[in-house]
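Participant: no sequence on this one, just coordinates:
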């Protein structure tokens with residue numbers, strides 16, 4: 001049902017739903033919501049709404065549907081593809097879930113935790129820990145990113161190898177549809193084959209089909225033993241061989257296997273306070289190996305030592321350090337998780353969040369490096385990431401002394417070069433950051449026509465008025 005209101009009356013009606021104290025109307029207050037962290041996208045909005053309940057979200061979307069008002073869901077604002085940024089020159093209304101941050105229930109016996117969509121990831125981790133459980137999603141932004149955004153982008157993080165991404169960590173959802181209807185799918189069943197899986201439509205949809213207001217998430221027993229090692233080696237090919245050995249030695253206890261270049265170590269030790277190189281001499285490449293066991297720290301320590309001894313004998317690694325304390329384990333991980341941030345002081349950085357089959361990572365890196373250097377010989381390539389699941393953050397820092405704006409102006413050109421190699425290896429141009437605005441046009445161009453058409457049909461079925469996060473994922 002359509003409703004004709006003046007613009008002022010429409011905004012007033014939205015404000016009345018949440019109350020004036022929970023609506024931002026001054027541009028100075030709205031400004032922090034209008035850009036993403038890297039400054040690539042800037043938008044405009046007359047209003048930010050902060051509902052406190054699913055019922056208020058429902059009322060907002062009912063009004064939006066009736067008045068044709070575009071709604072942009074905002075989670076923690078940590079996304080890197082412009083998915084949370086309103087369109088420039090638009091009247092998009094921002095809907096922030098920051099007040100919807102309750103832990104609704106912890107069912108330790110069933111290993112599930114039910115939370116609001118606006119819960120900060122670190123709060124969910126803490127709530128699980130208080131019940132001697134683990135919620136395994138771990139991201140560098142976990143102190144500010146929120147569960148609704150994690151689900152909407154199908155976030156992965158550093159523990160995908162052992163636990164999967166958010167799609168695998170979620171049992172059920174509560175979603176408000178563009179019409180304001182509420183789908184209560186908060187089921188905590190591990191087996192449910194009753195028809196289409198609606199849950200999976202909303203996970204990864206980046207707020208284009210509805211707003212996730214609640215979720216049933218999986219928990220796991222807390223590991224009793226943990227050990228982390230840092231190893232230096234001379235090539236991604238050796239890293240891949242080491243990963244195969246680690247999988248054989250450790251099985252499901254292998255919870256992390258991260259690949260890093262020397263340049264990333266140099267940037268991080270130079271720009272991140274307190275970070276030190278774990279090894280006494282430089283190596284071309286490094287891996288971080290994380291082991292978690294269900295019984296004891298001794299088991300984890302024995303397992304990682306046996307792995308490293310085998311790897312030394314096989315000539316796969318040149319040096320290695322095993323963490324001697326929990327603090328050192330955290331320091332090793334801090335180095336890895338700070339690698340993106342450490343590129344910022346070096347100037348412009350053109351980033352690619354891609355994935356290829358694990359077995360093809362060495363070939364992808366070799367071919368991508370050659371292709372980039374053919375068009376920009378002095379580019380500094382900092383490619384790192386989750387070797388165990390094929391996700392590489394292929395980041396290119398500007399040449400020393402280059403003009404930042406001119407370098408960033410070649411973003412699309414570099415995308416075409418790198419993504420061309422990704423497609424050659426049957427990979428994906430978006431591994432865990434999502435599509436948003438940044439990769440929207442390329443997504444349509446790179447997928448089979450029927451795949452894009454099916455996505456459009458789904459969008460039309462759920463959001464015929466096109467009010468949900470317009471301009472994102474699909475053009």
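Facilitator: The structure has been received and is ready for your questions. Fair warning: this is a prediction, and the values are worked out from it, not measured in the lab. Numbering: from 1, shown residues only.
Participant: Parallel or antiparallel, which strands does the helix or strand containing residue 260 pair with?
Facilitator: Residue 260 is part of strand 254-261 when elements are defined by DSSP states H and E. Its sheet considered, strand 254-261 pairs with strand 285-293 (antiparallel), strand 380-386 (antiparallel) by DSSP bridges.
Participant: deepest of these, which one?
Facilitator: strand 285-293 (a mean of 25; mean count of other CB atoms under 10 Å). Just so you know, the C-beta spots here come from the backbone N, C-alpha and C atoms, and that holds for glycine as well.
Participant: can you give me the mean pLDDT across that one?
Facilitator: The average pLDDT for strand 285-293 rounds to 97.
Participant: On the C-terminal side of the strand holding residue 260, identify the next helix or strand.
Facilitator: Immediately after strand 254-261, counting by DSSP H and E, sits helix 262-271.
Participant: ok and that next one relative to strand 254-261, angle-wise?
Facilitator: 90 degrees (axes from the mean of the first three to the mean of the last three CA atoms, to 10 degrees).
Participant: what comes into contact with helix 262-271?
Facilitator: Helix 262-271 is contacted from outside by 275-277, 282-286, 335, 338-339, 341-346, 380-382, 384, 397, using CB atoms under 8 Å, 6 or more residues apart in numbering.
Participant: And these, which of them are buried?
Facilitator: Buried by 16 or more other CB atoms under 10 Å: 275, 277, 283, 285-286, 335, 338-339, 342-343, 346, 380-382, 384, 397, out of the contacts of helix 262-271.
Participant: hang on, the earlier thing: present the strands paired with strand 254-261 as CSV; the columns should include distance to residue 430.
Facilitator: Putting the strands paired with strand 254-261 into CSV (distance: least, CB to CB, whole Å) gives the following:
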stretch, distance to residue 430
strand 285-293, 24
strand 380-386, 13
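Participant: Of the ones you listed, which is nearest residue 151?
Facilitator: Nearest to residue 151, of all those, is strand 380-386, at 19.2 Å by CB to CB.
Participant: thinking again about what came up before, just checking the distance from the strand holding residue 260 to the centre of its chain.
Facilitator: From the chain centre to the centre of strand 254-261 is a distance of 17 Å (CA atoms, centre = their mean, to the nearest Å).
Participant: For it, what does the pLDDT average out to?
Facilitator: In the prediction, strand 254-261 has an average pLDDT of 97.
Participant: neighbouring contacts of that strand?
Facilitator: By CB under 8 Å, 6+ apart, the list of residues contacting strand 254-261 reads 136, 158-159, 161-163, 223, 228, 236, 239, 243, 246-247, 284-292, 336, 339, 361, 381-388, 392.
Participant: 7 Å - rerun?
Facilitator: 158-159, 161-162, 236, 239, 243, 246-247, 285-292, 336, 339, 382-388 (CB atoms under 7 Å, 6 or more residues apart in numbering).
Participant: what's around residue 459, how many residues?
Facilitator: Residue 459 has 17 neighbours, counted by other CB atoms under 10 Å.
Participant: Excluding chain neighbours, what is closest to residue 463?
Facilitator: residue 178 (4.5 Å; CB to CB, 6 or more residues apart in numbering).
Participant: what about the one you found, distance to residue 119?
Facilitator: Taking CB to CB, to the nearest Å as the measure, residue 178 falls 23 Å from residue 119.
Participant: what's the answer for residue 438, then?
Facilitator: 26 Å.
Participant: Least confident secondary structure element in this protein?
Facilitator: Sorting the helices and strands of the chain by mean pLDDT, DSSP states H and E puts helix 440-446 at the bottom, at a mean of 81.
Participant: number of nearby residues for residue 24?
Facilitator: Residues near residue 24, counting by other CB under 10 Å: 20.
Participant: got a list of what it touches?
Facilitator: By CB under 7 Å, 6+ apart, the residues touching residue 24 are 30, 47, 48.
Participant: repeat for residue 428
Facilitator: 354, 355.
Participant: Perfect, I'm done here.
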